[in-house]
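J.: Next come a sequence and a model predicted from it.
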Amino acid sequence: MNVNQHTPMASPYGQPQPGYGQPNYAPLDGGYPASYAPYNGPASAYQPGVPPQGYSFTSFPSKAVAANPASDLSSSLDLGSARGPPTSAPPPVSAPQQYNQYSHSPADMQNGPPPMTQAPPRPAGSQPYGLGGGQPSYPQHYAPPPTMQQVTNQMGGMQLTSGPPTPAGLGYAPPHSSQPPISTSYQSAPQPSFTQAPPPASSAPTQPPPPNAPAASQQYYRGPPPPPQPPFNSALPPTSQQQFLSSAPPPPSQQTFPPSFSSSIPPPSCAPAPPVSQSQQPFSTPQPHFSSAPPPVSQPGFPSGPPPPAQGSFPPQPTPSSSQPGSVPPPGPPPTSVTSGQYPTPIQHQQQPPDSQPSPYHSGPPPPRFQMPPTVNHLPPGPQSPPGPQGPLQQPPSPQTGYPPQQNGAFGQTRSPQAGYPGPYPVQPNYGAPAPAPAPAAPAQKRLDPDAIPSPQAPDMPAVQKSRHRIDPDAIPSPIQVIEDDKAKTNEPFVTGVRGQAPPLVTTSFHVRDQGNASPRFVRCTAYNMPCTADMAKQSQVPLAAVIKPLATLPPDENPPYMVDHGEGGPIRCNRCKAYMCPYMQFIEGGRRFQCSFCNCVTDVPPHYFQHLDHTGKRVDCYDRPELSLGSYEFLATVDYCKNNKLPQPPAFIFLIDVSYNAVKSGMVSIVCHELKSLLDHLPRENPEVDSVVRVGFVTYNKVLHFYNVKASLAQPQMLVVSDVSDMFVPLLDGFLVNVNESRQVIESLLDQIPEMFADTRETETVFGPVIQAGLEALKAADCAGKLFVFHTSLPIAEAPGKLKNREDKKLIGTDKEKSLFQPQVGFYNNLAKECVAQGCCVDLFLFPNQYVDVATLGVVPVSTGGSVYKYTYFQAQTDQERFLNDLRRDLQKHVGFDAVMRVRTSTGIRATDFFGSFYMSNTTDVELAGLDCDKAITVEFKHDDKLSEETGALMQCAVLYTSCSGQRRLRIHNMAVNCCSQLADLYRNCETDTIINYFSKYAFRGVLSNPTKAVRDTLVNQCAQILACYRKNCASPSSAGQLILPECMKLLPVYLNCVLKSDVLLPGADVSLDDRAYLKQLISCMDVADTHVFFYPRLLPVMKLESGSLPVAVRNSEERLSKGGVYLMETGLHLFLWVGASVQQELLLNLFGTPSFSQIDSSMINLPVLDNPFSQRLREIIDSFRAQRSRYMKLVVVKQEDRTELIFRHFLVEDKSASGGASYVDFLCHMHKEIRQLLS
């Protein structure tokens, strides 16, 4: 039965079984008699709550697998039953129980009530599962070998629950009870539906488990074996256990059944098959019954799962051994039963799901895994300990008879489909249903609330998915749940005056009130509580960094930074460190001097700036001056801050258009020329009422360059050709850079003529280096900064400086030489970039390639000058014109500063040591940007150079000196104060995972320039494991090693880090070109936190029901969350996909596409038809709002289920295993747990 059901079970279980009457098991949820609740499925997995204290999970060694990430700061996450105790009573015995692989209650799992279409939530594995681990290699003497199914179940049984971690936690500590651990086999056998009477006690396999059965239980984890608990009789209580469909048998260690299990378990004679140590593949064969024990009579199968084959009473059937026909042997090594309590094996790598883990993404019941023969885990009844409490692990008997409720961290076994059951769980009954409550678990640690997202219904899932499930994906930390929880608690404006206060997540919409610290829209930190010492920082391995977006665009309801003009004297600064006046400066001696908070130097206040202090020591005018009361503001810079001590000229924009054969043929030339005629009216300006002062110039090129004189006095534009590209110069000064309004007629005439002039060109070769040199020389001649817009199509192979050759070599991918492909092919462009930065010449590159163009080399100048690269592969005017023109319009109009220099100053104790982004550095402190726009972010890493104090905290000040588009020199200042801590727990309580991922991705993507990608991935995994292991060792309450415990604010670190590891840059699929990888690497280097978040973990919205004013709650990025009858909108930051299921209702299709038939949907459409109905209007509004939030226009791709474009869509379902070999979230979490265990041991 499912643990989720609460109905009380029939007495078969109710009677104490010999050796089991543990007084301390209270019936879970009060549903079963304590003595022996009927088996509801693995209890632990089900229990949402902590396992009752009385249970010891004897047979489970600590579950290594359980990765219960603890949600709370220190909460441990049990991969197992993290959920709280089931709220409902135990399921009635007779009711068919579904098999819930996971313990969560439905509520936990879904964002809302589970839709019928969704697959039932996976049953939580109730047993704590070791994430991996071999089982003891007991001969499977016991009773008939477990059926495959059982085995699979066992394996599948592992689950992560999201509930509060149980005390035992994922891994639960080995049970202390004297009873030997039960072998996992118990669990693994799926429970047949237990409609039948309880099997006779003797039904257990006749052979007694070997004496060491306990040992047999898995040692998955290295934890000490649990004290023997009363052995579970191999004859389990009626197969309630069998109900677990876990596909894999639970690892033995996990099998510890709740004592209740043992008590009701019949003599060990029937031992369940040991779990396979490897993740088992799902076995198709369901195992109907536990081989040894008959299912409880009253329990029908799990309703949701397929009914057990013999729902009637089951004679005790021996579980088929793995070798038995029908059962598939586990792919991995034979299961060994491990001693309970120990998880000898660390979690297996994601490639293999942990044994006990259900395969990661199936919504359906896991296929039965082949079961192993019963393992020794079962304890003979005799050995079992007295009914008394078993051990600390013991939990009150859970309603399920067989497994102990899982604690958060324990993974229950997944059940495989049981024989006789209908296939995947048709209904959600169990899934969604609350697990039967085992004894109420103490709400120990915060459990992860599985996200409440409903899983798709099994019937809608692909078969593969249905078949394998190990850890319940609903039981592990859900990004959607965290995002929704943050939105729910953010209803007040975010006030920045509190030092060290972490802001709402980037996914939350909130209003900011600046009261002394910079808005999170400008600055976000990885940690708002910095370690006081370098040793503490090194121990935790948490990166100390800030992501700064100096010119970020603010929402209309927030004020832009105020401008402060101190006149000819310029901004007030510290004499020693040159920090600018800010709210942290302390005025002393009646206001005549101030002490710098950064370096403690005392500076005299200039007479014109003097003001008296009030009784608190603050200046009486502090709230009248932005620089004394706000976190962000601007100073008007004086001539001293200008190049060569003279005020700058307004900037210029130069358009350089490739007119080679490919450019003309694709339509790019005519599109650009046509668009520029209207775009020139929208050049950036400070005041919308005034004309822009930006001047413009035009160049076309192929193998030679054509400059155009568009002086206002000319009747027609004049072309000047420079064919000596080896020594570039600008053939004219007057008439090249002009004011748009003065020369409008000449410019429009030129733009009309260019497409006609080159319409019949046959020139295919192009140059590139001389093109940038030409623009640079023109800006030098005009003595101004500016931006070059280069529209380019092919690899520059013509004889000229910067000539390149095709070096794309797929054979180098994955080798040590792969890094050379990310490095510039020639040094020419690095030198050119340096010259551009010195002049304030920013380059934006629009690429239209049909083949390899070496983005790694062509992108050097744009990236080093603070520019952008846009790429439109296989550009087709019809489908790509809209995206290109929107990008061009935004790029031309956005807020931008030129000739910028940024410096980050910090208080004594830390300093900025490393910078990531699109810029150039000629020394170690100044970040130089020829151009800095509102979308560019710079990530800055800090290191200790002394101790910090908890009283003063740590301060940083980012100052950016730039020229505005009107030619004004300005200083923009952003100040940030964070707390300092001497306790690691405080550090882990105030981190921001999204910012940490932004840092990790940039660090890793830069790393591929000098290291093989595998080494880069290993470095990331290792650092993440060290961060989490340090937390586990120093901050989490003691628990079994089998438990995966995650800090509350970092519980999503594994899922997001896995997305970075699976990205195309670090783990490319066969179809990802080298240019695509270089392009993404450059793009992500300057992204802010909101952009990297949606890029690595796309937003997936079900759009079957839309309400005006609010967005539907997103679902997790996994194929199993998709329903055939649904329509989903996915946003990745670069793409929009509208996935349409094959069974969508006609009414929905008519409202969306104007066609009643799925087959008539045109998947080549790039915009939804404009239909006059509320649904169509609302969906188009949502798409427009998503596009408005991103810096690049997202083209809409309609994906029909089973269509070939679905392969591209699936690439972004980041919780699933990727085609390129990237691990699924569940597998990676298990791998992470293994790494952490290795570090702790």
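T.: Structure's in. What do you need?

J.: Spatially, what comes nearest to Thr879 if we skip its sequence neighbours?
T.: Counting by CB to CB, 6 or more residues apart in numbering, Ile1166 is the residue found nearest to Thr879 once chain neighbours are left out, at 5.6 Å. From N, CA and C alone the C-beta is placed, and that goes for glycine too.

J.: Pull the contacting residues for the one you found.
T.: Ile1166 makes contact with 879, 882, 1195-1197, according to CB atoms under 8 Å, 6 or more residues apart in numbering.

J.: quick one: which of those is nearest Glu928?
T.: Taking CB to CB as the measure, Glu928 sits nearest to Lys1195 out of the contacts of Ile1166, at 34.0 Å.

J.: Can you give me the pLDDT of the closest one?
T.: Lys1195 carries a pLDDT value of 95.

J.: Enumerate the beta-bridge partners assigned to it.
T.: Applying DSSP bridges to Lys1195 gives these bridge partners: His1135.

J.: Below-threshold pLDDT in the stretch 401-550 of the chain: ranges please.
T.: Within the stretch 401-550 of the chain, the ranges that satisfy pLDDT under 70 run 401-470.

J.: re earlier: of the contacts of Ile1166, grab the buried ones for PyMOL.
T.: For selection in PyMOL, the members of the contacts of Ile1166 meeting the burial criterion (16 or more other CB atoms under 10 Å) are listed in this command:
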select buried, resi 1195+1196+1197
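
J.: Can you pick out the most distant pair from the contacts of Ile1166?
T.: Based on CB to CB, the longest span within the contacts of Ile1166 runs between Glu882 and Val1197 and measures 12.8 Å.

J.: just to revisit the earlier point, so which of the contacts of Ile1166 comes closest to Lys677?
T.: Checking those against Lys677 by CB to CB gives Glu882 as the nearest, at 17.7 Å.

J.: which stretches of the stretch 701-850 of the chain aren't confidently modelled?
T.: Judged by pLDDT under 70, the stretch 701-850 of the chain has no weakly predicted residues.

J.: part of a strand, is Thr925?
T.: No - the assignment for Thr925, made by DSSP: H, G, I helix; E, B strand; the rest coil, is coil rather than a strand.

J.: ok so, going back, could you export the contacts of Ile1166 as a markdown table, including distance to Leu1148?
T.: Written out in a markdown table, the entries for the contacts of Ile1166 read as follows (distance: CB to CB, whole Å):
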| residue | distance to Leu1148 |
| --- | --- |
| Thr879 | 25 |
| Glu882 | 25 |
| Lys1195 | 23 |
| Leu1196 | 17 |
| Val1197 | 19 |
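
J.: for the residue nearest to Thr879, helix, strand, or coil?
T.: In three-state terms, and counting by three-state DSSP, Ile1166 is coil.

J.: again, but for His706
T.: Reducing the assignment at His706 to three states with three-state DSSP gives strand.

J.: list the contacts for the closest residue to it other than its chain neighbours?
T.: Counting by CB to CB, 6+ apart, the nearest residue to His706 once its immediate chain neighbours are dropped is Thr700, at 4.6 Å. Contacts here follow CB under 8 Å, 6+ apart; on that basis Thr700 touches 656-659, 706, 708, 754, 758.

J.: If we use 6 Å, what do you get?
T.: Residues in contact with Thr700 (CB atoms under 6 Å, 6 or more residues apart in numbering) are 657, 659, 706.

J.: so which helix or strand takes in the first one?
T.: Assigned by DSSP states H and E, Ile657 belongs to strand 652-658.

J.: Can you tell me the strand partners of that strand and which way each runs?
T.: strand 695-701 (parallel), strand 786-792 (parallel).

J.: CA atoms of the top strand by length along the chain as CSV?
T.: Longest strand in the chain by number of residues, with DSSP state E as the criterion: strand 969-981. In CSV, the C-alpha atoms belonging to strand 969-981 read as follows (Å, rounded to 0.1, in the frame of the first residue of the first chain):
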residue,chain,number,x,y,z
ARG,A,969,32.0,63.0,-18.2
ARG,A,970,30.4,61.4,-15.1
LEU,A,971,31.2,59.2,-12.1
ARG,A,972,28.7,56.6,-11.1
ILE,A,973,29.2,55.3,-7.6
HIS,A,974,27.7,52.1,-6.0
ASN,A,975,28.3,51.3,-2.3
MET,A,976,27.7,48.0,-0.6
ALA,A,977,28.2,47.0,3.0
VAL,A,978,28.0,43.4,4.1
ASN,A,979,28.3,41.7,7.5
CYS,A,980,31.2,39.7,8.7
CYS,A,981,31.0,36.5,10.7
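
J.: Good, we can wrap up now.
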